[in-house]
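3D, please:
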Amino acid sequence: MRARVFSNQCIKGSYYKLIIRPYQKITSIPGQFIMLRPAEAAESGIFLPRPFSIHNLSENGNIEILYKVVGKGTGFFCRLDNKSEIDFLGPFGNGFQINGNVTSDEFLIVAGGIGVAPLVNLAGLIRDFYPGKPVKVFLGGRAETDLLCVDELNKYASEVIITTQDGSKGVTGYVTDGLEQYLQKNASEKKYSLYACGPNPMLSRISDIVGHLNIDTYFSLEATMACGMGLCMGCAIRKKGGGYYLVCKDGPVFKGDEVDLSDET
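Below is the predicted model of the structure:
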């Protein structure tokens, strides 16, 4: 499918928000992703699409994408303007399945860096389904410039706990440090559901922290992929107990006890 670039702006440091307007409307749920490629692939030199989480799907059909400029592909994307067109496939993936049947007392959301992209709408969805239950967000990055969507999250969360590795904002340390300290004080008092997106080492550390606790965990995995449909086999992740999942086809959202991230640290 094809879309026109509506806007493409730097929001902080090397982070950008790309808004595209598809010629055909789509539907999605938090956690799903699309594969993007410039419409003029030969001119850009980008022949394989890149995966991006859907940050938001507006009522008028615009798709919002948060991304960080890290290489050739995103370096080209950040130069797109509202005269540009872009090709996309999707939405793909299972997303976060939120319904009215969860019996948790409190919801925990853990976001590392650009991993916050699919979690803002998730927080809003949880708030819609469970207006009387607390939603606590743990947001972390290397520095203050890596903290995104703080104001958006504050609209839905009962509390946003911020950590930075360099101490430039919030508590000094990793985002998992804040989570661990909170659970050490409160884990025995309530039943929790935890949702997280970020680098695999962060998710692996969360598994270690909650392993002895009765907490339902759901991880949205980040992976390099070239197709989004399970054909290229480039996004394999180990299953607990042996074998492999494909992040694009079987995920990207998995229960924390389904995936083996022990070699990702």
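
Partner strands of the longest strand anywhere in the chain, with direction?
Counting residues, the longest strand in the chain under DSSP state E turns out to be strand 2-12. Partners of strand 2-12 in the sheet, by DSSP bridges, are strand 15-22 (antiparallel), strand 85-92 (antiparallel).

mind listing what's buried in it?
For strand 2-12, a neighbour-count test (16 or more other C-beta atoms under 10 Å) marks 3, 5, 8 as buried. Heads up, the C-betas are built off the backbone N, CA and C, glycines and all.

just stretch 200-211 next, same as before
Buried residues in stretch 200-211, counted by 16+ other C-beta under 10 Å: 200, 202, 203, 204, 205, 206, 207, 209, 210.

The fifth one - that's part of a strand, no?
No - the assignment for residue 205 by DSSP: H, G, I helix; E, B strand; the rest coil gives helix, which leaves it out of any strand.

isn't it right up against residue 177?
No - applying C-beta atoms under 8 Å as the test, residue 205 and residue 177 come out as separate, 9.2 Å apart.

Name the next helix or strand downstream of the worst-scoring helix or strand of the chain on mean pLDDT, please.
Sorting the helices and strands of the chain by mean pLDDT, DSSP states H and E puts helix 41-44 at the bottom, at a mean of 58. Downstream of helix 41-44, the next assigned helix or strand under DSSP states H and E is strand 50-53.

just checking, next helix/strand downstream of that following strand?
Immediately after strand 50-53, counting by DSSP H and E, sits strand 56-57.

Measure how the next helix or strand after that next one sits relative to strand 15-22, angle-wise.
Stepping forward along the backbone from strand 56-57, the first helix or strand reached (DSSP H and E) is strand 63-68. Interaxial angle, strand 63-68 versus strand 15-22 (axes from the mean of the first three to the mean of the last three C-alpha atoms, to 10 degrees): 150 degrees.

close enough to count as contact, residue 154 and residue 162?
No - Residue 154 lies out of contact with residue 162 (C-beta under 8 Å); the separation is 10.7 Å.

Between those two, tell me which one has more neighbours.
The residue with more neighbours, out of residue 154 and residue 162, is residue 162; 18 against 13, by other C-beta atoms under 10 Å.

give me the element that one is part of.
Secondary-structure assignment from DSSP H and E places residue 162 in strand 159-164.

List the strands paired with the next helix or strand after that strand, with their directions.
Remark: after strand 159-164, the chain's next helix or strand is strand 171-172, criterion DSSP H and E. If you go by DSSP bridges, strand 171-172 pairs up with strand 159-164 (parallel).

Which positions in the strand it pairs with come out as buried?
Neighbour-count burial for strand 159-164 flags 160, 161, 162, 163, 164 (criterion: 16+ other C-beta under 10 Å).

cool, stretch 137-149 as well?
Here stretch 137-149 shows 137, 138, 139, 140, 141, 144, 146, 147, 148, 149 as buried, counting by 16+ other C-beta under 10 Å.

got JSON lines for those, with secondary structure, distance to residue 102 and pLDDT too?
What follows is those, written out as JSON lines (DSSP: H, G, I helix; E, B strand; the rest coil; distance: C-beta to C-beta, whole Å; pLDDT from 0 to 100):
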{"residue": "137", "secondary structure": "strand", "distance to residue 102": "17", "pLDDT": "98"}
{"residue": "138", "secondary structure": "strand", "distance to residue 102": "19", "pLDDT": "98"}
{"residue": "139", "secondary structure": "strand", "distance to residue 102": "22", "pLDDT": "98"}
{"residue": "140", "secondary structure": "strand", "distance to residue 102": "25", "pLDDT": "97"}
{"residue": "141", "secondary structure": "strand", "distance to residue 102": "28", "pLDDT": "96"}
{"residue": "144", "secondary structure": "helix", "distance to residue 102": "33", "pLDDT": "96"}
{"residue": "146", "secondary structure": "helix", "distance to residue 102": "30", "pLDDT": "96"}
{"residue": "147", "secondary structure": "coil", "distance to residue 102": "28", "pLDDT": "97"}
{"residue": "148", "secondary structure": "coil", "distance to residue 102": "26", "pLDDT": "97"}
{"residue": "149", "secondary structure": "coil", "distance to residue 102": "23", "pLDDT": "97"}
